[in-house]
Each structure stands twice: as C-alpha cells, then as structure tokens.
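> Just need the structure, nothing else, for what follows:
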Amino acid sequence: MKFMKLGSKPDALQADGNSIRYVSSELATDVTVTVGDVTFHLHKFPLLSKSNKLQKLVSKANEESSDDIYLDDFPGGPKAFEICAKFCYGMTVTLNAYNVVAARCAAEYLEMTEDVDRRNLVLKIEVFLNSSIFRCWKDSIIVLQTSKSLLPWSEDLKIIGRCIDSIASKTSVDPAYITWSYTYNRKLAEPDKIVEDKMTFLEKIESVPKDWWVEDICELDIDLYKRVMVAVKSKGRMDGLVIGEALKTYALRWIPDSVDTLVSGANASRTKSVVETIVCLLPYDNGIGCSCSFLLKLLRVAILVSANESSTKELMKSISLKLHEACVKDLLIPVRSPQTTTYDVHLVQGLLNQYMNDKKGSCGMEVVEEKHGEDEYTLARRSLLNVGKLVDGYLGEIAHDPNLGLSSFADLAQSIPGFARPDHDGLYRAIDIYLKEHPELTKAERKKLCGLMDVRKLTADASMHAAQNEYLPLRVVVQVLFFDQVRSSISFQSLGHNSTYDPSSSPMNRDEGCKKMMEDSCQPLNNQMSHLRIKDEELHKNGKLGKKNGKNSKSGLQLLPSRSRRIFDKLWSVRKVLGENRSSDTSGSSSSPTSLGHGDTKSCSLSLRHQRHSIS
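Reported below is the predicted structural model:
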C-alpha cells in the first residue's frame, strides 16, 4: 500500500476523553472548532494561514464576539479535520488509501488551495493521488470503496471517476505485463505468485490468468461495481467469457445460498438489486460468456425476489439461446403461488417455446433435417437432440407431481420435433411414472398420454418392460408385442442373409426395415388390431369365470396369461407367414421362431406377463 508523510514536527494534538482534542503548547488556545461531537481547542494563526474557509468563519465569529466555530456538515468528520489541523501546524501526518479521500474532501471544504498558501494540502493530496494511488491496483479499489461514504464531495472532485478509469484500464492490460499483486484463489492449486522480473514471457502468461481481477472488485457495492463493469466493457478489449466469470463471481459473493435468508427483508432488496444489475451487465453476445446453469440459477433467484419484468425476460432470452447446455436439475425451479404444482412448468414451457422459435427463425427446422451433413446444421441438430433428452428427463422429474395436469405434461412432451427424440425410452419412463402417480386417469386420458410415444422407437429393454407394464392400456401392449415380433423377424432375416451384405440389416436402417415390413407384409394383422375391442365388463366377467372354474385361486394371474395368449395367437399367425416367405432363403429352419410350438408360445406369454416390474 502506498503512503505519504506530511510535516516534520512531533504530534502535539492530545485527547481529553472522546470528545475533546487540544494542542499541547505554551501558548493558550484562542479558538474552538466543533466537528460533529468532537471539540478542538486550537490556535487561530496556523489555521488561518492555510484555510480560506476558516478565515471567513473566524472573521464572522469575531463580529459576534465569539471564539466558537461549528462545522456540522464537515466531510469525513472529526478524523478528517484532525488531518487538516495537523497539516496546518506542520505536525507529522500519514496519508494512505484509507484516509486520503476524506482528507481531500476536507481540504476542499476548508479551501486549502494554492491561493491561500503555496504547496497547500489540496495540491499535495492531488500529487499523491495521481502519482501513487491511481497507479496502484489495490489502492485504487480501496479508495473507490471509501469514496461512497463521502458523496457528493468525492463525486464532484472526480475521485470516483478517476478510480473507475484506473481500475478499468488495468483490467485490460496484457496478463504478461502485470507486475502488481492481486487476489486469485479459485482455480490455482498452488498459491498465486507475483510476477517477477526473472520470469520468462511464457511463465508470465501462465502465472497470470485472464480473469485475475474479478475477485478484487467483488468487494465493491453494487452501484460502484456496475460502473466499473460498464467501464471495463466500454474498453472493448475484454473477452465475453471473462465478463461472464466476473458476473458469476460477484453473484456467488453477494447472493445468499439459503432461500430463507434470500427472501428476508434487507437481503431480498439487496439481492434484487444485484440480480437486476448482473442481468443488465450480461455480455452483448447473448450471454455467451455465462453458462446456462448460472443463468438458470440467476433466474430462480430473480423469481424469488420478484425482480422487474424486463430483467426476467432478458434472462429467459439468454437462457433460451443456450438451453441445449442445461441439465434437468437446473430446470427444477420452484413455483410461486397461486400455481399448485411443485415446479414452474409454465416457465420451462416458455423457455422451450422460445428456444424452438429461435431455431426455426435462424435456420428452419426443415432445413436442419435436410442439410444436417453440413457443420452448422450438424451443430443445430446436435443441440436439438440434447434438448430432447433434457425435456424427457424433466418430464420424468415432474411426473411425480400429483398436481401436474395431463395437458401440461402433453404440451411439454410435444414441444420438440420428432427427430429430436431418436428413441422414446425417456418419454416412456416419464409416462410410466405419470400413470403410477395419477391412478385416477380415465381411459381416454390414458390413451392420450400413451399416444405421445411411438412404440416403434422403444429399445429392446424398454419394449420388454412395456410388454409387462400393467399400467399401459391393452392396445399399447399389443402394439409393443407386435412390433417386437416384427423386429425379431427382421433380425432373423438379416442373419439368414449373412453371406451377402444387406443394407437393411445395419443398425441405422433396422427401424426403417421394421416399419416397411409392418406396412407391407403385416397389413392383415394391422386390420385385425384396428378392430380389436375388449371392454371392461368382458374383462371382469372373464375374471369371475376364472375364480369359479380355475384351479388356481389367484384369478389375476389367470387373466393376464389369457390376454397375452390371445395376443400371441394373432402374432404367431403372421410370423408363420413371414417364416414361409424366408424359408427359401435360409437353411436350418428349425432354429426360426416360427418353428416354436403352440405350447412354447403359451409359456412365453406366461413368463412375460408374470414378470411385471418398474423402471421408474
């Protein structure tokens, strides 16, 4: 820390209690100056030789036959006046970053300028500020902090403006040429080293990171911090990532972790100001310097402290551009009344809609699908795939909420295009959870819910689980079993032609081959399935018959195999046709699924329907 000593005489200013100061001298004091709650007993001559203000006040007091002077609005209070008084007496006084602003404002108030005396206090302090304080990184920050309590004097004397310009200029210096100390303890494993003259150019670059300055300015109040960051950005030499890191560091410093602390009276007001300021300071490149996780946390806090609407909208805009980088945990934003759900689903829906609108506006969804071989379209497609996984994961979390309406669930699931969800395992998991948590759903609602997924896009494991899922409607189970059998037929057909390459046997084309076979070879079964109707009364009737005539007392276990057996009877008839079509192309037909007897079919259906379990 820089300092400057003024005067050479011993300090003769003595204290008598907390409210009286006097000069120990053979001469009796002839004037009293009261500053706040402290009274100074001094001599007129030293004071009047340096201060034009005191000359006027003493002259006025003499006219009133008084020796008392009152300075109630004195900047810096008694301590600042004491510095000025000692200077007038020529006593030794030390100026540093903590008291120089108060001394400068006090000297300006007392009019201790060159017009009164040569090399007066105002000039000496200005020299000290310009030659030492503003050239030192940490001293500039300390001076800026102390200047807030001395408004409007520090502002009128341009001390604040000069401090801000000094700080902003130093942040833009090439890290290789930084020779001052700074605080940096967030990323370096070893203690930070101050750059030395003997270090090579490369060592200097490695030892001083680009965001070396962000921690030191975090101690500033939000209004001064805003002015510093505006000045840093106006220089135009600071990378957006560094700006984002600075904002994140300041938010971590001043935004409480506890929700209870966050929403308390004084903290809520201060946090609201912090959030709104950080939002307006976000990098111009649409928040690219800030991670999506940080922006979502900032949005959560903004909602809790009721930040202004413009800040919330700006945050949502920045988040929507980076939604593909988010994780499910970040989206779990608690809802505010009067909504009844656990999490703010409408907010996430708004973010998703804005993200999709931005994608459509920038390159068009059709173009993304057609030209995804090009780099920009590959990136766009990849980001959409990430959003698809994000949405399915989020649906799986909110599906546990008993107050979540079906329409909200469905709208969110349908917000992304089909190609953004290459498989429907995640969606199926969310639907499975929702069915279990909402047993009151009607048949129509269950049908609508299950209609959100395409059973052809379920993997083998998910299909196996769905085939045994008692919460799914019967028609969905039929579709799952049917497609699973067709997929098995495709696999056997591919194995039968292993002597020659068949493009449809590749993993990329297998689903297309299944779809084609379903449409061409299995059309009769589709027609039968479309007319399949099993009513609740019929199912209950069959259940009662099972109780009367069955040897097994557990009617539920008899009903399920019966339903599966009827399904498999129809599936095997189609598989038999498929097996005959490929019998001319494959040898060893005894290994084909069509060679299984009816008893095997029966046992297979029994094992499937009796192994119900949950993946949720």
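> for this structure, what spans make up the strands?
For the chain, applying DSSP state E gives strands covering 3-6, 13-16, 20-23, 31-35, 38-42, 68-70, 93-96.
> in the stretch 1-150 of the chain, which spans are helices?
44-48, 52-63, 77-89, 100-109, 121-131, 137-147 (DSSP state H, counting those that start in this stretch).
> Could you give the number of residues near residue 399?
20 (other C-beta atoms under 10 Å). From N, CA and C alone the C-beta is placed, and that goes for glycine too.
> And the pLDDT at it?
You'll see residue 399 listed with a pLDDT of 95.
> Please identify the most buried of the helices of the stretch 1-150 of the chain.
helix 100-109 (a mean of 26; mean count of other C-beta atoms under 10 Å).
> That helix vs helix 121-131, what angle?
Calculated by axes from the mean of the first three to the mean of the last three C-alpha atoms, to 10 degrees, helix 100-109 forms an angle of 150 degrees with helix 121-131.
> residues in contact with helix 100-109?
53, 74-77, 79-81, 83-84, 95, 120-122, 125-126, 128-129, 133, 143, 146-147, 150, 153-154, 157, 159 (C-beta atoms under 8 Å, 6 or more residues apart in numbering).
> Could you rerun that using 7 Å?
Helix 100-109 is contacted by residues 53, 74-76, 79-81, 83-84, 95, 121-122, 125, 128-129, 133, 143, 146-147, 150, 153-154, 157, 159 when judged by C-beta atoms under 7 Å, 6 or more residues apart in numbering.
> on that earlier part again, would you mind giving the helices of the stretch 1-150 of the chain as JSON lines with distance to residue 330 added?
Below are those laid out as JSON lines (distance: least, C-beta to C-beta, whole Å):
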{"stretch": "helix 44-48", "distance to residue 330": "64"}
{"stretch": "helix 52-63", "distance to residue 330": "59"}
{"stretch": "helix 77-89", "distance to residue 330": "48"}
{"stretch": "helix 100-109", "distance to residue 330": "43"}
{"stretch": "helix 121-131", "distance to residue 330": "46"}
{"stretch": "helix 137-147", "distance to residue 330": "33"}
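> how about those, which one is nearest residue 279?
helix 137-147 (23.0 Å; C-beta to C-beta).
> how far is the closest one from where the chain is centred?
Centroid separation between helix 137-147 and its chain, computed with C-alpha atoms, centre = their mean, to the nearest Å, is 31 Å.
> And for stretch 40-50?
60 Å.
> Next: stretch 435-448.
The mean C-alpha position of stretch 435-448 is separated from the chain mean by 35 Å, C-alpha atoms, centre = their mean.
> so can I have JSON lines of the strands of the chain showing mean pLDDT?
Below are the strands of the chain laid out as JSON lines (pLDDT from 0 to 100):
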{"stretch": "strand 3-6", "mean pLDDT": "93"}
{"stretch": "strand 13-16", "mean pLDDT": "89"}
{"stretch": "strand 20-23", "mean pLDDT": "92"}
{"stretch": "strand 31-35", "mean pLDDT": "94"}
{"stretch": "strand 38-42", "mean pLDDT": "94"}
{"stretch": "strand 68-70", "mean pLDDT": "92"}
{"stretch": "strand 93-96", "mean pLDDT": "96"}
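> so can I have CSV of those strands showing distance to residue 378 and mean neighbour count?
Shown next, in CSV, are these (distance: least, C-beta to C-beta, whole Å; neighbours: other C-beta atoms under 10 Å):
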stretch, distance to residue 378, mean neighbour count
strand 3-6, 61, 15
strand 13-16, 77, 12
strand 20-23, 77, 17
strand 31-35, 72, 20
strand 38-42, 74, 20
strand 68-70, 77, 15
strand 93-96, 59, 18
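> need those strands in CSV with distance to residue 210, can you?
Listed next are the strands of the chain as CSV, based on distance: least, C-beta to C-beta, whole Å:
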stretch, distance to residue 210
strand 3-6, 31
strand 13-16, 49
strand 20-23, 50
strand 31-35, 47
strand 38-42, 48
strand 68-70, 53
strand 93-96, 30
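> Mind checking those for the one nearest to residue 345?
strand 93-96 (56.5 Å).
> For the spatially most central residue of the chain, give me the pLDDT.
With distances taken as C-alpha atoms, centre = their mean, the chain has residue 294 as the residue nearest its mean C-alpha position (2.1 Å). Residue 294 is assigned a predicted lDDT (pLDDT) of 92.
> Residue 248 is in contact with that one, correct?
Yes. Counting by C-beta atoms under 7 Å, residue 248 is a contact partner of residue 294 at 5.2 Å.
> Outside of stretch 256-272 itself, list whatever touches it.
By C-beta under 7 Å, 6+ apart, stretch 256-272 touches 255, 301, 304-307.
> Which among these count as buried?
Of all those considered here, the ones buried according to neighbour count by 16 or more other C-beta atoms under 10 Å are 255, 301, 304-305, 307.
> export those residues to JSON lines and tack on pLDDT?
Listed next are the buried ones among the contacts of stretch 256-272 as JSON lines, based on pLDDT from 0 to 100:
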{"residue": "255", "pLDDT": "90"}
{"residue": "301", "pLDDT": "92"}
{"residue": "304", "pLDDT": "88"}
{"residue": "305", "pLDDT": "88"}
{"residue": "307", "pLDDT": "90"}
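> Out of those, name the ones that lie in helices.
Judged by DSSP state H, the buried ones among the contacts of stretch 256-272 include 301, 304 as members of helices.
> which two from the buried ones among the contacts of stretch 256-272 end up farthest apart in space?
Counting by C-beta to C-beta, the most remote pair of the buried ones among the contacts of stretch 256-272 is 255 and 307, 11.8 Å apart.
> Show the contacting residues for the residue nearest to residue 55 when sequence neighbours are not counted.
In this structure, residue 55 finds its nearest non-sequential neighbour in residue 48, 5.0 Å apart by C-beta to C-beta, 6 or more residues apart in numbering. Residue 48 makes contact with 54-55, 58, according to C-beta under 7 Å, 6+ apart.
> Next, format these as JSON lines and append pLDDT and distance to residue 111.
Compiled in JSON lines, the contacts of residue 48 are given as follows (pLDDT from 0 to 100; distance: C-beta to C-beta, whole Å):
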{"residue": "54", "pLDDT": "94", "distance to residue 111": "8"}
{"residue": "55", "pLDDT": "94", "distance to residue 111": "9"}
{"residue": "58", "pLDDT": "93", "distance to residue 111": "13"}
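> Name the nearest of these relative to residue 447.
Nearest member of the contacts of residue 48 to residue 447, counting by C-beta to C-beta, is residue 54, at 91.8 Å.
> Much appreciated, bye for now.
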